[in-house]
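S.K.: sequence plus the predicted model coming up.
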Amino acid sequence: MVVDLSALASGAKGKATPSAGRPAPAGRLKRKATEALKSPPGSRTLRSQASSATAGRAPATTAPRPRAAAASVATRKSATASGRKPLAKSTAANRPIPTSRDSKRLRSSGAVTTKSKPTTTTPKEPVLDAGEYLTSEPQVPTRKKRPAWDTKGRLEDMEEFVGQLHHKLSSSTSEIGTMQSELERSQVQIQELEEFRRGLQTTVQVKEQENTQINHQLAELQEALSKSQTTHGQELTVLRSQHAQEVSELRASIANLKRDLKGMTADLDATQDRLRSQRQANDQLRDTISQQSAAHLALESNCQALKLQLGHTEHTLALRNQRIAQLEQQLTDSHSLTADLEARIRDEETIRRRLHNTIQELKGNIRVFCRVRPVLPSDMSESSASKSQSDMMPHIRFAEDDQANEIELVQIQDSTTTGKTTTKQYPFSFDRVFPPKSTQQEVFDEISQLVQSALDGYPVCIFAYGQTGSGKTHTMEGPTNPDEVTAGMIPRAVHQIFQTAEQLQSKGWSYTMEGQFLEIYNEAIHDLLTTTTNGSKKHEIKHQPHGKTVVTDLTTVALDTPAQVHQLLKRALHNRAVAATQCNERSSRSHSVFTLRLTGQNTITQESSAGVLNLIDLAGSERLSQSGSTGDRLKETQAINKSLSCLGDVIHALGNRDNHIPYRNSKLTYLLQNSLGGNSKTLMFVNVSPVQISFQETLCSLRFATKLPFRLPLRRDERDPMAWLMGTLYD
Ligand SMILES: Nc1ncnc2c1ncn2[C@@H]1O[C@H](COP(=O)(O)OP(=O)(O)OP(=O)(O)O)[C@@H](O)[C@H]1O
């Protein structure tokens, strides 16, 4: 049995302190020992520890050991000094010292607490505590309780008991030595623990620093967190708006998709309908195919028959190929024949030109036609308004025949002296006489051969002569706004030239054409195609070596289409109208000359031609006495008469083949020098007014014309020159 000496020591100490130096009475000690024996050693130890902890005492590890040791020593000393042996150690000194293993366990658990179970060292010899001692009475002979008066007995007992206590004390002293060595080990452990504590403090400091840093970092992180929360909030707002927008877009697209789906569903329905109809059609087609298969079989049998037929046809084809080869040979021969014929045609074209010219020459290089214009409403007086055309011109008689070339003027005169009526007849014959009813086309038919001569390369002059108002301009140009019926000789001639030139292209001929339009007024030349308003320009006539006549500074217009000719005539009309405002009735008092130059080139035969067609609207041929003009007008009339007379003289001299032809006597004849005479063709229209009042002028005009050396009228059978020529050639 082990006696808790610390409890005993504390109990002894507690009591010893107030009465230091005095030994505790034996009863009291015994009572203490009995109390100690009554409570179990563990609970006793625990209670002592709890009381020391409650008293605020530091645990064995933290309590300063020296003081505890000193207290223990002091206790022993006081006990020794008082004659008592120390019964127990102080609480702190008896407190169990943690072993190094415990220290480790403590360190690992992080708690610095004292284990309740003390580390005990096994005593080398058994130690009896006070209770044990009391209970080990058998060592002392058991006696009856000595009566109070047995002081000696009692003393003996006490001495015996003290002897035992001494024995016990010596064994306790050795135990104390052992405990002191343990104490020293414990102090070493305490130092270790102290170092451990300091290390822990350092660790705590480090941890505190780390904690501060962590707190600092935590603050930074919290700041960053708040910032990121702000940013996140903003981003969240943006994302929310984007999300809302995307949602609305998605909704719209869903709506669209729904619409599409609806449409597609409708399409699908339609497609299904179509599919159904297609299936029906397929069924029908299958029926048809089966029918066709049957037909195919029939066709195959037909095909066999046709193959046989094909063999026969191939044979026929071979024969035909032979025939084709023969025909190709014939075609080649035909081509060479055609080429020969074309060559002959070209030759014959040359011959035709020659013959045509011969005919023209036979008809006369100078021809005179007479044309009587119809009576115009303006010619009629009120009394004669109901009269017919023939009634209006009793003084002019035509032959019955439409193709006639005779005209007769009849003058009926009443003699005032004799009272008789005499009739004078003036018959005239011309190459052709055109009565009032003659159309422009009929007139042109007669001159078209001369136009052809111009294309063939001859100079041709067609004049219109007659008094003012007799129809010269109408004959040459037609009315102001001509149509197909009323168009005059100039547009018709140009039209024919373009047409014939086109036809001649197949014979290798190509033509270039250029036109000029001038006016001779008071022996001065005026350009009717000018585009400038400067009318004072002087024009000179120059004859070039190869028979070409050039008028200086005169506008020349290249003509590629008939439409251009119409434009040209319009421009001339406009310029004439401008001149008429400056000089009254100037158109009647001037000669207008339209010149068309035709240059032809044959690339096959290398032939060339250069013809000129002059269409001249002469000034009015009023007699001087009749005109009654004076002053400038008289000079005008004289100039006109002189130029007309010169023209007559030139034509007369040409007819007579005179050596001298007086071309230079007037501007007009000088201008036309290369177009009059030689191989040129000249046609003079004598235009006549049907009105009776113009009888004398008509007579003068007809007389002027008869003076011209035109050929005598042809016989009737000679009027178709080609027939006549062929007749004369082959009779
Ligand atoms: N064959 C015709 N058929 C119908 N009208 C005609 C014919 N000939 C002339 N005339 C008309 O007679 C009038 C006079 O004719 P035109 O002007 O041609 O005469 P002119 O001799 O040219 O006169 P001028 O010398 O003044 O120019 C015009 O109104 C014209 O339309």
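M.R.: Nice, I can see it. Numbers count the residues shown, from 1 in each chain.
S.K.: against residue 264, how distant is the closest residue to the ligand within the stretch 101-250 of the chain?
M.R.: Using C-beta to the nearest ligand atom, residue 249 is the residue of the stretch 101-250 of the chain that sits closest to the ligand, at 86.1 Å. Quick note: C-beta positions are derived from backbone N, CA and C, even for glycine. To residue 264, residue 249 is 21 Å away according to C-beta to C-beta, to the nearest Å.
S.K.: again, but for residue 284
M.R.: Residue 284 is 29 Å from residue 264, by C-beta to C-beta.
S.K.: just checking, residue 597 touches residue 559?
M.R.: No: applying C-beta atoms under 8 Å, one finds residue 597 not in contact with residue 559, separated by 9.5 Å.
S.K.: name the residues contacting each of those two.
M.R.: 513, 514, 515 (C-beta atoms under 8 Å, 6 or more residues apart in numbering).
S.K.: can you lay out the residues you listed as a markdown table showing pLDDT, neighbour count and secondary structure?
M.R.: Formatted as a markdown table, the shared contacts of residue 597 and residue 559 follow (pLDDT from 0 to 100; neighbours: other C-beta atoms under 10 Å; DSSP: H, G, I helix; E, B strand; the rest coil):
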| residue | pLDDT | neighbour count | secondary structure |
| --- | --- | --- | --- |
| 513 | 91 | 22 | strand |
| 514 | 91 | 13 | strand |
| 515 | 91 | 22 | strand |
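S.K.: so where's this structure uncertain?
M.R.: Scanning the chain for pLDDT under 70 picks out the ranges 1-143, 357-364, 381-391, 401-403, 533-536, 578-587, 623-630, 709-731.
S.K.: picking that back up, list just the nearest of the shared contacts of residue 597 and residue 559 to the ligand.
M.R.: residue 515 (20.4 Å).
S.K.: hmm, the closest one is touching residue 568, no?
M.R.: Yes: applying C-beta under 8 Å, one finds residue 515 in contact with residue 568, separated by 5.5 Å.
S.K.: tell me, what's touching these two both at once?
M.R.: Residues touching both residue 515 and residue 568 (C-beta under 8 Å, 6+ apart): 529, 557, 559.
S.K.: pull out the buried members of these.
M.R.: 529, 559 (16 or more other C-beta atoms under 10 Å).
S.K.: same list, the shared contacts of residue 515 and residue 568, but as TSV with distance to residue 502 and secondary structure please.
M.R.: Below are the shared contacts of residue 515 and residue 568 laid out as TSV (distance: C-beta to C-beta, whole Å; DSSP: H, G, I helix; E, B strand; the rest coil):
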residue	distance to residue 502	secondary structure
529	25	coil
557	20	strand
559	13	strand
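S.K.: got the shared contacts of residue 515 and residue 568 as a markdown table, with distance to residue 682 columns?
M.R.: A markdown table is the format used below for the shared contacts of residue 515 and residue 568 (distance: C-beta to C-beta, whole Å):
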| residue | distance to residue 682 |
| --- | --- |
| 529 | 24 |
| 557 | 25 |
| 559 | 23 |
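S.K.: tell me the secondary structure for residue 418?
M.R.: Under DSSP: H, G, I helix; E, B strand; the rest coil, residue 418 falls in the coil class.
S.K.: swap in the one 4 residues further on?
M.R.: Residue 422 carries the three-state label strand when classified by three-state DSSP.
S.K.: quick one: the helix or strand harbouring residue 451 to chain centroid distance?
M.R.: In this assignment (DSSP states H and E), residue 451 forms part of helix 440-455. Centroid displacement of helix 440-455 relative to its chain, using C-alpha atoms, centre = their mean, to the nearest Å, is 61 Å.
S.K.: wait, does it contact the ligand?
M.R.: No: Helix 440-455 stays out of contact with the ligand when judged by C-beta under 6 Å from any ligand atom, the minimum separation being 7.4 Å.
S.K.: quick check: buried residues in that helix?
M.R.: Neighbour-count burial for helix 440-455 flags 440, 443-444, 446-455 (criterion: 16+ other C-beta under 10 Å).
S.K.: closest residue of the stretch 601-731 of the chain to the ligand?
M.R.: Closest approach between the stretch 601-731 of the chain and the ligand, counting by C-beta to the nearest ligand atom: residue 620, at 4.1 Å.
S.K.: around the nearest residue to that residue once chain neighbours are set aside, how many other residues sit close by?
M.R.: Closest residue to residue 620 apart from its sequence neighbours, by C-beta to C-beta, 6 or more residues apart in numbering: residue 468 at 3.3 Å. Using other C-beta atoms under 10 Å, residue 468 has 17 neighbouring residues.
S.K.: could you look up the SS state of residue 468?
M.R.: Following three-state DSSP, we place residue 468 in the coil state.
S.K.: from residue 150, how far out is it?
M.R.: 216 Å.
S.K.: same deal with residue 309?
M.R.: Remark: distance between residue 309 and residue 150 (C-beta to C-beta) = 181 Å.
S.K.: and what of residue 306?
M.R.: Residue 306 sits at a distance of 176 Å from residue 150 (criterion: C-beta to C-beta).
S.K.: kindly report the same for residue 294.
M.R.: Distance of residue 294 to residue 150, computed by C-beta to C-beta: 164 Å.
S.K.: quick one, which of the two is more surrounded?
M.R.: Applying other C-beta under 10 Å to residue 294 and residue 150 shows that residue 150 carries more neighbours, namely 14 against 10.
S.K.: phi and psi next, for that one.
M.R.: Note on residue 150: its backbone torsions stand at phi -80, psi 70 [degrees, to the nearest 10].
S.K.: do the same with the one 3 residues further on
M.R.: The phi and psi torsions at residue 153 (degrees, to the nearest 10) take the values phi -60, psi -40.
S.K.: which one is it nearest to, not counting chain neighbours?
M.R.: Excluding the flanking residues, the one nearest residue 153 by C-beta to C-beta, 6+ apart is residue 146, at 4.1 Å.
S.K.: which of the buried residues of helix 440-455 lies closest to the ligand?
M.R.: Distance to the ligand, by C-beta to the nearest ligand atom, is smallest for residue 440 among these, at 7.4 Å.
S.K.: which ones are touching that closest one?
M.R.: With C-beta under 8 Å, 6+ apart, residue 440 has these contacts: 475, 478, 485, 486, 487, 488, 489, 492.
S.K.: spit out the contact partners of the first one.
M.R.: Residue 475 makes contact with 371, 440, 443, 464, 488, 489, 685, 687 under the criterion C-beta under 8 Å, 6+ apart.
S.K.: same check, this time on the third one
M.R.: The contact partners of residue 485, by C-beta under 8 Å, 6+ apart, come to 439, 440, 441.
S.K.: and which of those is nearest to residue 639?
M.R.: Closest approach between the contacts of residue 485 and residue 639, by C-beta to C-beta: residue 440, at 30.6 Å.
S.K.: TSV for the contacts of residue 485, including distance to residue 429?
M.R.: Shown next, in TSV, are those (distance: C-beta to C-beta, whole Å):
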residue	distance to residue 429
439	23
440	23
441	24
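S.K.: from the centre of this structure, point out the most distant residue.
M.R.: residue 149 (149.5 Å; C-alpha atoms, centre = their mean).
S.K.: confirm that that residue lies within a strand, as I assumed.
M.R.: No: counting by three-state DSSP, residue 149 falls outside a strand, being coil.
S.K.: quick one: the closest residue to the ligand within the chain and residue 691, what's the gap?
M.R.: Residue of the chain nearest the ligand, by C-beta to the nearest ligand atom: residue 471 (2.8 Å). From residue 471 across to residue 691, the span is 12 Å (C-beta to C-beta).
S.K.: what's the neighbour count on the residue of the chain closest to the ligand?
M.R.: By other C-beta under 10 Å, the residues close to residue 471 number 22.
S.K.: which non-adjacent residue is nearest it?
M.R.: Counting by C-beta to C-beta, 6+ apart, the residue nearest residue 471 is residue 373, at 3.5 Å.
S.K.: ok, the one you found - contacts?
M.R.: 436, 470, 471, 474, 687, 688, 689, 690.
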